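Visitor: Quick one, structure for this:
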Amino acid sequence: MSEKPSIETTLVEAGRLAVLQEMRRDPSVWVLGEDVARGGLWGQYKGFLEEFGPERIVSTPISESTIMGAGLGAALVGTRPIIEMRIFDFVMCAMDELVNQIAKIRYMFGGQARPAVVVRMPHGMWRNSAAQHSQMLENWFVHLPGVIVVAPSNAEDEAGLLVSAIRSDDPVLFFDAKDLWLTVGTMPAGEIQPIPFGKARRVHAGCDLTIVTWSAIVPKVCEAATAMARQGVLADVLDLRTLWPWDEAAVLASVGRTKRLLVVHEAVEVGGFGAEIVARVIDQLGTANVTVAKRLGAPRVPIPFSPPLENQIRVTTDKIVAAGLAVAHHPIA
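Guide: Numbers count the residues shown, from 1 in each chain. The predicted structure follows:
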């Protein structure tokens, strides 16, 4: 059987193609946010105004609470808005609308209200963006009942998960990794198929330890796994792809084989989602079946503007290799 044809594309373009496909397929899908009529901050809506017009590509005032509230109101009357937050940090100005309305309204009205919104929130460090434009707070929203949390790491997942998000009747918070926006990858040519939520992707097979990761750190973990393999340590690397729901079964099965776990994320380690994964693994498998479980994340400091200081706090390939080798060589008690 011949392989399906694929195309090379960036994550930005993969997302653009996914939204384009769904807007052509479903006239109830539309976009609102700052500068979307001009193509968006990274060109993710380039050409949309010309094709769909100002009623479906709506550039808004600089008022995040208005954008979020308008998106919810439009969803409640039957449309499927894509709410573009421009960058993640700006969602702080719309937290009441998101946390107290979008996340809860379906529950509060006994399922009669359908908040079918996608909130796109490019997040993470990205070249001198400093403390108010570089945050990674996905764990805030994993903690929030009523929402789905998505964090893709490559072009194919960006497209397939975005299609699933747009078709979902539940609100989806879609975390695009700014540091990966222009990374070139491959995705299947032709119609973009939805990728189900809650299914991890194995990106490197191994038997010596399990590494769980997501979003911008995935390529670095893959580089680290290759480097560790040259030293005789084989890592089983899982890209979660979605943080809620997350693929607990895949993680437990892998750690059940390797007995060793390392969770790596770009966000601050303290209170990060890695702690939840470690806790669940220990709860489910027991300490007798897990030799060691560790986390690797950023230190609890604001993101600096200075490039040398920024690089000091990044989770790098070298740091992942060091942590992975330490976990793999941790003595059995």
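Visitor: all contacts plus neighbour counts: C-alpha atoms, from now on.
Guide: Noted.
Visitor: my read is L243 is in a strand, agree?
Guide: Yes. Looking at L243 with DSSP: H, G, I helix; E, B strand; the rest coil, it is inside a strand.
Visitor: and the spatially closest residue to it that is not a sequence neighbour, how many neighbours does it have?
Guide: Of all residues not flanking L243 in the chain, V149 sits nearest, at 5.4 Å (CA to CA, 6 or more residues apart in numbering). Look at V149: counted by other CA atoms under 10 Å, it has 26 neighbours.
Visitor: Is it correct that V149 falls within a strand?
Guide: Yes. Assigned with three-state DSSP, V149 falls within a strand.
Visitor: And the pLDDT for it?
Guide: Reading off the confidence values, V149 has pLDDT 98.
Visitor: The one 5 residues further on now?
Guide: Looking at N154, its pLDDT is 96.
Visitor: Could you pick out the longest helix of the protein?
Guide: helix 11-25 (DSSP state H).
Visitor: angle of the following helix or strand past it against helix 11-25?
Guide: Under the assignment DSSP states H and E, the closest C-terminal helix or strand after helix 11-25 is strand 29-33. Put simply, strand 29-33 runs at 130 degrees to helix 11-25, going by axes from the mean of the first three to the mean of the last three CA atoms, to 10 degrees.
Visitor: In this structure, what helix or strand scores lowest on average pLDDT?
Guide: Scoring the helices and strands of the chain by mean pLDDT, DSSP states H and E places helix 307-313 at the bottom, with a mean of 88.
Visitor: What residues sit buried inside that helix?
Guide: Of the residues in helix 307-313, E310, I313 count as buried by neighbour count, 16 or more other CA atoms under 10 Å.
Visitor: Alpha carbons only: can I get that helix in CSV?
Guide: Taking Å, rounded to 0.1, in the frame of the first residue of the first chain, the C-alpha atoms of helix 307-313 are listed here in CSV:
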residue,chain,number,x,y,z
PRO,A,307,18.4,37.2,25.6
PRO,A,308,21.2,35.9,27.8
LEU,A,309,18.9,35.9,30.8
GLU,A,310,16.1,34.4,28.8
ASN,A,311,18.4,31.5,27.7
GLN,A,312,19.3,30.9,31.4
ILE,A,313,15.8,29.9,32.3
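Visitor: who touches that helix?
Guide: Helix 307-313 is contacted by residues R127, N128, A298, P299, I303, P304 when judged by CA atoms under 8 Å, 6 or more residues apart in numbering.
Visitor: Please apply the same query to stretch 242-259.
Guide: 142, 147-152, 197-200, 207-210, 212, 236, 238, 240, 261, 281, 284-285, 289-292.
Visitor: Now flag whichever of the contacts of helix 307-313 is closest to G190.
Guide: G190 has its nearest neighbour among the contacts of helix 307-313 in R127, at 33.3 Å by CA to CA.
Visitor: mind checking how far that closest one is from T226?
Guide: With distances taken as CA to CA, to the nearest Å, R127 is found 26 Å from T226.
Visitor: same deal with V264?
Guide: 16 Å.
Visitor: Just want to know which of these two has more residues nearby.
Guide: It is V264, of V264 and T226, that has more neighbours when counted by other CA under 10 Å, with 27 against 17.
Visitor: For that one, which residues are in contact?
Guide: The contact partners of V264, taken as CA under 8 Å, 6+ apart, are I211, V212, T213, W214, I217, V221, G274, R295, L296, G297, I320.
Visitor: Out of those residues, the closest to A70 would be?
Guide: For the contacts of V264, the closest approach to A70 (CA to CA) belongs to W214, at 30.5 Å.
Visitor: Next, give phi and psi for that closest one.
Guide: With angles defined as degrees, to the nearest 10, W214 sits at phi -170, psi 170.
Visitor: how many neighbours does the closest residue to it other than its chain neighbours have?
Guide: Nearest residue to W214, sequence neighbours excluded (CA to CA, 6+ apart): D239, at 5.0 Å. A count of nearby residues for D239, using other CA under 10 Å, gives 26.
Visitor: What of the one 3 residues further on?
Guide: Residue crowding around T242 was assessed by other CA under 10 Å; the count is 24.
Visitor: same question, V142
Guide: Neighbours around V142, by other CA under 10 Å: 20.
Visitor: now the nearest residue to it once chain neighbours are set aside, which residues is it bridged with?
Guide: Once flanking residues are discounted, V142 sits nearest to W244: 5.9 Å by CA to CA, 6+ apart. As for beta bridges, W244 partners with V149 under DSSP bridges.
Visitor: Could you tell me the model confidence score at W244?
Guide: Value for W244, per-residue pLDDT: 98.
Visitor: what's the neighbour count on it?
Guide: Other residues close to W244 by other CA under 10 Å number 23.
Visitor: What separation do you get for it and L209?
Guide: W244 is 24 Å from L209, by CA to CA.
Visitor: Also W140?
Guide: 28 Å.
Visitor: And for A113?
Guide: From A113 over to L209 (counting by CA to CA), the distance is 45 Å.
Visitor: follow-up on the earlier one: bridging residues for the residue nearest to W214?
Guide: Under the criterion used (DSSP bridges), D239 bridges to R201, T213.
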